[in-house]
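S.K.: Next one to model:
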Amino acid sequence: MADAALRLTALAEELLGEKLPVRIRAWDGSESGPPGAPVLVIRHRRALRRLLWKPGELGLARAWVAGELDIEGDLYEALDLMASLIWEHGGETADRVHPVRDPKVRAFAKGLLQLAGPLPPPPPPPEEVRRRTGTLHTKRRDRQAISHHYDVGNDFYELVLGPSMVYSCAYWENGGTLEDAQRDKLDLVCRKLALKEGDRLLDVGCGWGSMAIHAAREYGARVTGVTLSVEQAAFARKRIAQEGLTDRIEIRVQDYRDVRDGPYDAISSIGMAEHVGSVRFREYADDLYALLKPGGRLLNHQIARRPEKDESAYHVDDFIDAYVFPDGELAPVGRTVATLEEAGFEARDVETLREHYALTLRRWVANLEAHWDRAVRMTSPGRARVWRLYMAACALSFEHNKIGVNQILAVRPAEGGGAGLPLRARDWTASATG
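M.R.: Take a look at the predicted model:
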């Protein structure tokens, strides 16, 4: 009799102590759960073996990337419902699958084993980052981490991000298209930095060159962009040549720690500091401070997490670390501001763009879903599934205030303490065109 879904539902509900809000369809064709709810499709019992050997998020992620788990229905609704069970239930559900002394956990594991069979665990999907060795956030290890994330094909990123090729939170000031919102974000950064003709701008983590092009074309800045991604640099240089801006923009494949040709009038760091890591963030702040002239401005655009009651308990999300941003870390915005000030900066403005990032991510997911077959051909089915899951889950995290994103405007004070900003600093709220 085909009853795998019914047995799985019973096991999960016994473990969690409540009804499952999603429907389950198992590999044997059986279904169980509330009608009309999103459906968690378990295509192969290998998914159960992954969960047995890697309980919690990583086991589920491996099954998802491998195509052994899928969702039918509204992806966001399903993730919302499942997150409340897997990651938030009682504040400790993800940990409760580990203790072997808990009789409920032991019964759950025994039931899964009976359904999954005694075979060894499948190998991780090829999209999972290889085991890393060596000291965290050395230049070599950071270069490998950046390559894993960004060197997956410029065509793939163009499909997801659209023509703007901006891989950070857009600024939905006037509604409009994703391209409009990304242009508005780049212009907001330029205005906060008070860029003018001839200013030297260092764009740290320059991506595919969008910020550099906007600053040079619209504000007359002379821009140096640095990235660790060879593919990004090649794409950016091609775009710059097409724009006729090669005399104003230089793109380097270079670690920010190796930039030594300051001083710069301004520095933009947009979506890069998440890669720096807590052990290196003070060094990052010190380096950028040293590269700015007195009175120069830094715009640090960075994702932030909520503070932990016990900060030592913070750990990087297993799925994100293994498949998306290896070695990436998030810090509370207060800690980031404090570190910048410890390095000598004066923080002059903090603007929160949390809801803007949720809107941006939903647009990226829609782009990916609209061009799914092309995305799979450009990369792999597993890679496309990674991006769809992580972007949709992150959109929900921003919406629910689990994470945020902030633009911190900081100044290297001039001798005597002058900051060179007007008394009402937010003069950038008026667009450049008035």
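
S.K.: For Glu128, which non-adjacent residue is spatially closest?
M.R.: Once flanking residues are discounted, Glu128 sits nearest to Ala322: 5.1 Å by Cβ to Cβ, 6 or more residues apart in numbering. Quick note: C-beta positions are derived from backbone N, CA and C, even for glycine.

S.K.: how close does the one you found sit to Ile71?
M.R.: Plainly put, Ala322 is 20 Å away from Ile71 if you go by Cβ to Cβ, to the nearest Å.

S.K.: Could you check which of those two has the larger neighbour count?
M.R.: Ala322 (23 against 20; other Cβ atoms under 10 Å).

S.K.: Quick check, pLDDT for the more buried one.
M.R.: Looking at Ala322, its pLDDT is 89.

S.K.: Could you tell me which residues make contact with it?
M.R.: Contacts for Ala322 (Cβ atoms under 8 Å, 6 or more residues apart in numbering) come out as Leu58, Ala61, Pro124, Glu128, Val129.

S.K.: Any stretches of the stretch 301-434 of the chain with poor pLDDT?
M.R.: The model of the stretch 301-434 of the chain has pLDDT under 70 over residues 425, 429-434.

S.K.: which stretches of it form helices?
M.R.: Remark: helices assigned in the stretch 301-434 of the chain by DSSP state H, counting those that start in this stretch are 318-319, 333-342, 354-370, 372-378, 381-399.

S.K.: The first one - contacts with which helices or strands?
M.R.: Translated: helix 318-319. On a contact count with 3 or more Cβ pairs under 8 Å, 6 or more residues apart in numbering; DSSP states H and E, helix 318-319 meets helix 57-65.

S.K.: ok now the helix it packs on, how far from the chain's centre?
M.R.: 18 Å (Cα atoms, centre = their mean, to the nearest Å).

S.K.: quick one, strands of the stretch 1-150 of the chain?
M.R.: Under the criterion DSSP state E, counting those that start in this stretch, strands of the stretch 1-150 of the chain are mapped to 23-25, 31-32, 39-42, 69-72.

S.K.: Make a markdown table out of those and add mean pLDDT and distance to Gln114.
M.R.: Listed next are those as a markdown table, based on pLDDT from 0 to 100; distance: least, Cβ to Cβ, whole Å:
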| stretch | mean pLDDT | distance to Gln114 |
| --- | --- | --- |
| strand 23-25 | 97 | 16 |
| strand 31-32 | 96 | 16 |
| strand 39-42 | 97 | 15 |
| strand 69-72 | 96 | 19 |
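
S.K.: who are the neighbours of the host helix or strand of Ile240, in terms of helices and strands?
M.R.: Assessed by DSSP states H and E, Ile240 sits inside helix 230-243. On a contact count with 3+ Cβ pairs under 8 Å, 6+ apart, helix 230-243 meets helix 139-150, helix 154-161, helix 210-219, strand 222-227, strand 249-253.

S.K.: pull the CA atoms of the shortest one into PDB?
M.R.: The C-alpha coordinates for strand 249-253 follow below in PDB (Å, rounded to 0.1, in the frame of the first residue of the first chain):
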ATOM      1  CA  ILE A 249      37.500  54.000 -15.000                       C
ATOM      2  CA  GLU A 250      40.000  51.400 -14.100                       C
ATOM      3  CA  ILE A 251      38.900  47.900 -13.000                       C
ATOM      4  CA  ARG A 252      41.300  45.800 -11.100                       C
ATOM      5  CA  VAL A 253      41.200  42.100 -10.000                       C
END
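
S.K.: that older thread, of all the helices and strands packed on helix 230-243, which lies closest to Glu311?
M.R.: Closest to Glu311 of the helices and strands packed on helix 230-243, according to Cβ to Cβ: helix 139-150, at 22.8 Å.

S.K.: Mean neighbour count, the helices of the stretch 301-434 of the chain: which tops it?
M.R.: Highest mean neighbour count of these: helix 381-399, a mean of 21 (counted as mean count of other Cβ atoms under 10 Å).

S.K.: And the contacts of it?
M.R.: By Cβ under 8 Å, 6+ apart, the residues outside helix 381-399 that reach it are 61, 64-67, 75-76, 79-80, 83, 125-127, 152, 156, 160, 319-320, 323-324, 354-355, 357-358, 361-362, 364-365, 368-369, 372, 375-376, 402-405.

S.K.: Residues in contact with the helix holding Ile240: which ones?
M.R.: 147, 150-151, 153-154, 165, 206-209, 212-213, 217, 225, 227, 246, 249, 251-253.

S.K.: ok, Arg217 - how many residues close by?
M.R.: Arg217: 15 surrounding residues under other Cβ under 10 Å.
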